[in-house]
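Novice: Pasting a predicted model and its sequence here:
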Amino acid sequence: MTTDLKPIHVIGGGLAGSEAAWQIASAGVPVILHEMRGVPGVKTDAHHTDGLAELVCSNSFRSDDWEHNAVGLLHQEMRELGSVIMACANDHQVPAGGALAVDRDGFSQAVTAKLEAHPLVTIQREEIAGLPPEEWDNVIVATGPLTSPALAEAILSLTGEESLSFFDAIAPIVHADSIDFDIAWRQSRYDKEGPGGDAAAYVNCPMNKAEYDAFIDALIDGPKAEFKEWENVPYFDGCLPIEVMAERGRETLRHGPMKPVGLTNPRDPLVKAHAIVQLRQDNALGTLFNIVGFQTKLKHGAQAETFRMIPGLQNAQFARLGGLHRNTYLNSPHLLDRQLRMKSMPRLRFAGQVTGVEGYVESAATGLLAGRLAAAERLGKPLDAPEAHTAIGALVEHITGGHLDGAKFQPMNINYGLLPPLEAPKVDDEGKKIPLKERGRAKKRLMSIRALEALKAWRDAA
């Protein structure tokens with residue numbers, strides 16, 4: 001395939017950058033993807049490989065239920081738009097109950113292979129240490145939470161503002177054969193099946209009250225990694241270290257990642273556990289499991305000792321211990337327009353977590369949209385962002401001005417609260433009265449149907 005069109009440049013080969021490059025090339029426009037990982041001596045604090053779209057924290061894309069969950073809706077919208085991220089996630093999924101989780105290595109390798117094989121994609125392993133050259137007239141910056149200091153400082157010099165930042169923590173991964181299944185058991189919460197059809201995707205480790213109390217004490221008292229240069233940086237509530245949650249109240253974890261609801265111990269079905277720790281499969285072979293919600297900044301020695309207090313993990317062997325890195329993002333409502341362009345330098349678009357979205361899927365979705373908008377501009381066919389009735393459009397609305405006036409802009413996962421409201425239905429499609437407690441769920445389904453209809457209309461009109 002050949003084209004005389006000038007290439008679009010994408011900086012950053014994470015989820016957002018990879019998706020942006022794929023969308024640009026799929027539109028028939030050449031794209032150069034610049035990724036600094038792979039350059040000798042250049043690395044980040046969180047990545048372990050030079051593969052594109054490497055997952056550095058969880059391996060879960062969260063719920064895949066498009067009818068009743070906003071992130072599941074976002075999955076479906078991306079599938080409708082030919083997302084390479086969703087296609088590769090589908091091909092490399094591992095059991096995860098109602099969630100879509102992936103074999104992280106297989107997923108990254110698949111995304112890398114698809115982009116390397118596309119005739120309109122050129123991958124250049126290099127660091128862009130400063131503003132992109134002026135002759136690059138159409139650029140997407142998708143450098144994520146670990147933007148290189150030189151590029152971040154160059155971008156901030158255009159804004160007149162300081163970037164906001166927060167800590168992002170990583171959960172540990174356990175070797176499956178070191179889990180004691182005389183204590184632990186497999187079951188998904190409420191026996192809910194995931195996209196792979198497995199209703200027993202999680203490993204569950206029960207705790208009684210004494211065990212839970214001792215564990216909370218160990219979390220609070222354990223030595224933590226501290227970073228003085230970041231000491232005034234807040235955490236994002238969607239990715240709090242487990243010890244920070246414990247410090248907020250002794251019962252916090254029992255109502256969060258360690259909640260015991262929807263699970264029954266088959267060895268003692270009449271006794272309700274005080275708390276339950278869940279582990280989720282992390283690779284296709286099923287040899288690795290990550291501890292769900294256990295992001296941590298505990299020092300490594302304390303991590304191993306503390307997490308082996310969990311019944312069933314007393315002999316746990318860790319493939320990876322937890323960690324902590326800083327996340328940065330722009331004050332996007334002031335800096336970006338609805339085309340995701342920097343108002344002071346429109347040749348620069350931004351995508352991914354640096355825009356103020358949070359989560360793998362949200363980051364990839366902004367990359368998808370930025371790629372389509374950039375390609376449309378290059379083709380001389382300007383395109384507006386989807387309306388806010390769609391999940392993708394709602395994210396754009398949030399990051400470009402949908403927050404409360406005067407409020408401090410904060411990262412946001414997709415949720416139904418970002419979409420325009422819809423009255424909860426009182427009757428179903430057959431005219432039968434919907435019980436009051438089920439109307440919220442029915443409302444979410446109608447909002448999802450409305451979103452997909454609007455998304456498809458936007459796609460077909462482009």
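Specialist: That came through, no problem. Numbering: from 1, shown residues only.
Novice: Break down the stretch 251-400 of the chain into its helices, ranges please.
Specialist: 300-307, 332-335, 360-378, 391-397 (DSSP state H, counting those that start in this stretch).
Novice: any idea which of these scores lowest on pLDDT?
Specialist: Note on these: lowest mean pLDDT is at helix 332-335, with a mean of 88.
Novice: Off-centre distance for that one?
Specialist: 21 Å (C-alpha atoms, centre = their mean, to the nearest Å).
Novice: Over to stretch 266-275?
Specialist: The answer for stretch 266-275 is 32 Å, by C-alpha atoms, centre = their mean.
Novice: I would like the residues contacting it, please.
Specialist: In this structure, residues lying in contact with stretch 266-275 by C-beta atoms under 8 Å, 6 or more residues apart in numbering are 185, 187, 206-209, 211-212, 253-254, 258-260, 263, 265. All C-beta spots, glycine's among them, are computed from the backbone N, C-alpha and C.
Novice: In this protein, where is pLDDT below threshold?
Specialist: Along the chain, segments meeting pLDDT under 70 span 1-3, 38-48, 145-146, 161-169, 194-199, 226-238, 325-327, 402-408.
Novice: give me the element the spatially closest residue to Glu362 that is not a sequence neighbour is part of.
Specialist: Nearest-residue entry for Glu362: Ile414, 5.5 Å, with adjacent residues in sequence omitted and distances by C-beta to C-beta, 6 or more residues apart in numbering. Ile414 belongs to no helix or strand when assigned by DSSP states H and E.
Novice: give the contact list for Asn283.
Specialist: 59, 94, 103-106.
Novice: same thing with Gly440?
Specialist: For Gly440, the contact set (C-beta under 8 Å, 6+ apart) comprises Ala424.
Novice: Now do the buried residues in the helix or strand it falls within.
Specialist: Assigned by DSSP H and E, Gly440 belongs to helix 439-461. The neighbour-count check on helix 439-461 (16 or more other C-beta atoms under 10 Å) flags 439, 442-445, 447-448, 451-452, 454-455, 458 as buried.
Novice: out of those residues, who's nearest Asp428?
Specialist: Closest approach to Asp428 among these (C-beta to C-beta): Ala442, at 7.0 Å.
Novice: give the contact list for the closest one.
Specialist: Counted by C-beta under 8 Å, 6+ apart, Ala442 has contacts 424-425, 428, 434.
Novice: What separation do you get for it and Asp429?
Specialist: Applying C-beta to C-beta, to the nearest Å, the value for Ala442 to Asp429 is 10 Å.
Novice: cool, and Gly28?
Specialist: 41 Å.
Novice: the more surrounded of these two?
Specialist: Ranked by neighbour count (other C-beta atoms under 10 Å), Gly28 and Asp429 place Gly28 first, with 13 against 7.
Novice: Might one say that the more buried one is in contact with Leu120?
Specialist: Yes: under the criterion of C-beta atoms under 8 Å, Gly28 makes contact with Leu120 at 7.2 Å.
Novice: and the nearest residue to Glu116 once chain neighbours are set aside, helix, strand or coil?
Specialist: Spatial nearest neighbour of Glu116, excluding adjacent residues (C-beta to C-beta, 6+ apart): Ile123 at 6.4 Å. Following DSSP: H, G, I helix; E, B strand; the rest coil, Ile123 is assigned to strand.
Novice: number of nearby residues for Ile123?
Specialist: Neighbours around Ile123, by other C-beta under 10 Å: 20.
Novice: so which pair among the contacts of Ala442 is furthest apart in space?
Specialist: Farthest-apart pair in the contacts of Ala442 is Ala424 and Asp428; separation 11.8 Å (C-beta to C-beta).
Novice: And the two? Which one has more around it.
Specialist: Higher neighbour count among Ala424 and Asp428: Ala424, with 16 against 12, using other C-beta under 10 Å.
Novice: which ones are touching the more buried one?
Specialist: Ala424 neighbours (C-beta under 8 Å, 6+ apart): 439-440, 442-443.
Novice: Mind doing that once more with 10 Å?
Specialist: 434, 436, 438-444, 446-447 (C-beta atoms under 10 Å, 6 or more residues apart in numbering).
Novice: farthest pair in those residues?
Specialist: Maximum distance among the contacts of Ala424 (C-beta to C-beta): 18.1 Å, for Leu436 and Met447.
Novice: Gly323 and Phe294 touch, don't they?
Specialist: No: Gly323 lies out of contact with Phe294 (C-beta atoms under 10 Å); the separation is 11.8 Å.
Novice: where do the contact lists of the two overlap?
Specialist: 169-172, 303.
Novice: Tabulate these (CSV), appending distance to Gly356 and neighbour count.
Specialist: Output for the shared contacts of Gly323 and Phe294, formatted as CSV (distance: C-beta to C-beta, whole Å; neighbours: other C-beta atoms under 10 Å):
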residue, distance to Gly356, neighbour count
Ala169, 19, 24
Ile170, 21, 22
Ala171, 23, 26
Pro172, 28, 23
Gln303, 30, 21
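Novice: can these go into a markdown table with extra columns for secondary structure and distance to Gly367?
Specialist: Output for the shared contacts of Gly323 and Phe294, formatted as a markdown table (DSSP: H, G, I helix; E, B strand; the rest coil; distance: C-beta to C-beta, whole Å):
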| residue | secondary structure | distance to Gly367 |
| --- | --- | --- |
| Ala169 | strand | 23 |
| Ile170 | strand | 22 |
| Ala171 | coil | 24 |
| Pro172 | coil | 28 |
| Gln303 | helix | 33 |
